[in-house]
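J.: Return a 3D structure for these sequence lines:
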Amino acid sequence: MKIYLATGNAGKKREFEEILRGCEIVIPSDEGIEFNPEESGSTFYENSMIKALDLWKKVRAPVIADDSGLCIDALRGAPGIYSSRYAGPDFMRGRPDGKKISQDEQNRLLIRQTSAAIDSGMDTSSFPNGARSCRYVCSMALLFSPDRFFIAQETMEGALVESMESARGKGGFGYDPIVEIPYEGGRTVAELSSEEKNSISHRGKATRAIIKILNSYNLA
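T.: Reported below is the predicted structural model:
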């Protein structure tokens, strides 16, 4: 089955190809399709649907779209849906000019902002993974038409490292080098193999839920 993936991120495409074996995964740039929808939703779910509908209108074929991000408990869930645009405490939703800063700088600023929030004396006793508790969230839409779609949303629990000196690993992408997984021996997400990451990740779990839906409708 040919499925369009509503992203320009080649790293996401690789992850989906590893999880959705047997399906042909195509991203817009593979076929020269212009794809840059305005992600104006207030939740991961809303943004996943915005992307899915935008691409479906162009291809009129099955589309998978996901919106994902990193939520820090000490920052009340930020950067959340703005994870890819985050540019520090002064630009939590991205810079006014729309320019993105480097991932290394995003990582550095996020660690610093989280540490400052914790050091301010906030009560972190209820956080599930310690003071630096965080989680990746992924909302995934499988859309066959505007009237026929399915949603799966999943998480991967973790904790932010204490400094850039603690960032580790070459795998994955985005914030993976600065997110430790307690039940994986404290390794960062970037230290996991692709198979290990897919087995526990927010995106891997959401994708497997979507696979079950595909199988139940004899569409896989």
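J.: Tell me where the model's unsure across the chain.
T.: Applying pLDDT under 70 to the chain flags residues 217-220.
J.: Find the centremost residue of the protein, please.
T.: Residue closest to the average C-alpha location in the chain (C-alpha atoms, centre = their mean): residue 68, at 2.8 Å.
J.: Residue 204 is in contact with that one, correct?
T.: No: the pair residue 68 / residue 204 is not scored as a contact, 11.3 Å apart, by C-beta atoms under 8 Å. All C-beta atoms are positioned from the backbone trio N, CA, C, and that covers glycine.
J.: How about the secondary structure of the residue located most distally from the centre of the chain?
T.: Centroid-distance maximum for the chain: residue 121 at 29.3 Å, with C-alpha atoms, centre = their mean. Put simply, residue 121 is coil when judged by DSSP: H, G, I helix; E, B strand; the rest coil.
J.: same question, residue 137
T.: Here residue 137 is recorded as strand under three-state DSSP.
J.: got it, and residue 157?
T.: strand.
J.: Now do the contacts for it.
T.: 128, 129, 133, 134, 135, 181, 182 (C-beta atoms under 8 Å, 6 or more residues apart in numbering).
J.: Let me know the closest of those residues to residue 149.
T.: Of all those, residue 149 sits closest to residue 135, with 24.6 Å by C-beta to C-beta.
J.: quick one, what contacts that closest one?
T.: Counting by C-beta under 8 Å, 6+ apart, residue 135 has contacts 70, 71, 129, 155, 156, 157, 158, 202.
J.: again, but for residue 52
T.: 6, 63, 64, 65, 141, 143, 149.
J.: what's the burial count for the second one?
T.: Think residue 63. Neighbour count of residue 63, defined by other C-beta atoms under 10 Å: 25.
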